[in-house]
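S.K.: Please work out how this folds:
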Amino acid sequence: MTKLVDYRVEGGAAHVRLDSPHNRNALSSALVEQLHAGLERAVADPAVRVVVLGHTGGTFCAGADLGENSAGDPHDTALARAVEMAALLRAVVACPLPVVGAVDGHVRAGGLGLVGACDIVVAGPASTFALTEARIGVAPAIISMTLLPKLTPRAAGRYYLTGETFTAAIAAQIGLVTMAAEEVDAAVAAVVADLAKASPQGLAASKALTTAAVLAGFDADADRLARESAQLFVSEQAQEGMLAFLEKRRPRWVDSVR
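M.R.: Next up is the predicted model:
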């Protein structure tokens, strides 16, 4: 099996890195499976106190792998991938270890859901963010479960709709990331050092207080949002939007605006 996630332990931190730069760390089924395995491996290791979720290449995560081949009914495939995404985000939120995001690259669509699922996020100067779902005819349905509890309402209303790109500094202002830093590795190391001062029990219990409402949201809404996401993905507009994306052209509705 091709390795798409790099795993190493250093100084009590399990560094779990998305390592599929050839497709901008897009969330293929294989990558998602390996991310789950990395989280489980970290939790099972008594020497690990914190998970650092990072990336190789210039993109943290481009979101869903729109080029991934699949067989069978398109709606069923879209539903399965939405359920898969929801399970991944819930696993990050429910992880008893603190999860620190280390981002110094581009983050798009579902990649923002991963950022929202982390407990603490450091974003570097090469980071850019955009919620581009509306531009291809879909919506950030599943990832709303980790994003809406973090973003200010005005920011969500703006960036969900416009799809515009914003910087690490703005991401910190609106609550998407914890801090913008010039040196990501140094800032992450400082966070990890602070976390290492806490007991495993204290960390797990304290994290549970901050994630209870988010997990309740998954339990209440994940199935409905997965179905809604699947319906959008198989719609005529979404098919045009994704085809235009893959063909690197503008979708038809852009040219219809006068």
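S.K.: what residues are up against the spatially most central residue of the chain?
M.R.: For the chain, Leu114 is the residue whose C-alpha lies nearest the centre (CA atoms, centre = their mean; 2.0 Å). Counting by CB atoms under 8 Å, 6 or more residues apart in numbering, Leu114 makes contact with Leu53, Phe60, Cys61, Leu88, Leu89, Val92, Gly101, Thr146. Heads up, the C-betas are built off the backbone N, CA and C, glycines and all.
S.K.: Tell me how far Gly63 lies from Thr56.
M.R.: According to CB to CB, to the nearest Å, Gly63 and Thr56 sit 17 Å apart.
S.K.: Neighbour count for these two, which is higher?
M.R.: Neighbour count, other CB atoms under 10 Å: between Gly63 and Thr56, Gly63 has more, with 25 against 15.
S.K.: re earlier: would you mind checking which of the contacts of Leu114 is nearest to Val32?
M.R.: Leu88 (5.2 Å; CB to CB).
S.K.: mind listing what the closest one touches?
M.R.: Leu27, Val32, Leu35, His36, Leu114.
S.K.: my guess is the fourth one contacts Ala91, does it?
M.R.: Yes: with contact taken as CB atoms under 8 Å, His36 and Ala91 are classed as touching, separated by 6.0 Å.
S.K.: Neighbours of the residue nearest to Glu68 when sequence neighbours are not counted, how many?
M.R.: Spatial nearest neighbour of Glu68, excluding adjacent residues (CB to CB, 6 or more residues apart in numbering): Ser28 at 5.1 Å. Look at Ser28: counted by other CB under 10 Å, it has 18 neighbours.
S.K.: Same question for Val177.
M.R.: 26.
S.K.: and it, that's in a strand?
M.R.: No: looking at Val177 with DSSP: H, G, I helix; E, B strand; the rest coil, it is coil, so not inside a strand.
S.K.: Contact partners for it?
M.R.: Applying CB under 8 Å, 6+ apart, the residues contacting Val177 are Gly101, Val103, Val115, Val121, Val122, Ala123, Ser127, Ala168, Ala171.
S.K.: distance of it from Met242?
M.R.: Counting by CB to CB, the gap from Val177 to Met242 is 28 Å.
S.K.: before we move on, what about Phe129?
M.R.: For Phe129, the distance to Met242 - CB to CB - is 21 Å.
S.K.: who has more neighbours, those two?
M.R.: Phe129 (24 against 18).
S.K.: hang on, that one is in a strand, isn't it?
M.R.: Yes: applying three-state DSSP, one finds Phe129 inside a strand.
S.K.: Show me what it bridges to in the sheet.
M.R.: Val107, Phe166 (DSSP bridges).
S.K.: Roughly how far does it sit from Arg108?
M.R.: 8 Å.
S.K.: what packs against the host helix or strand of Ala189?
M.R.: Taking DSSP states H and E as the criterion, Ala189 maps to helix 184-195. For helix 184-195, the packing partners by 3 or more CB pairs under 8 Å, 6 or more residues apart in numbering; DSSP states H and E come out as strand 50-55, strand 99-103, strand 120-123.
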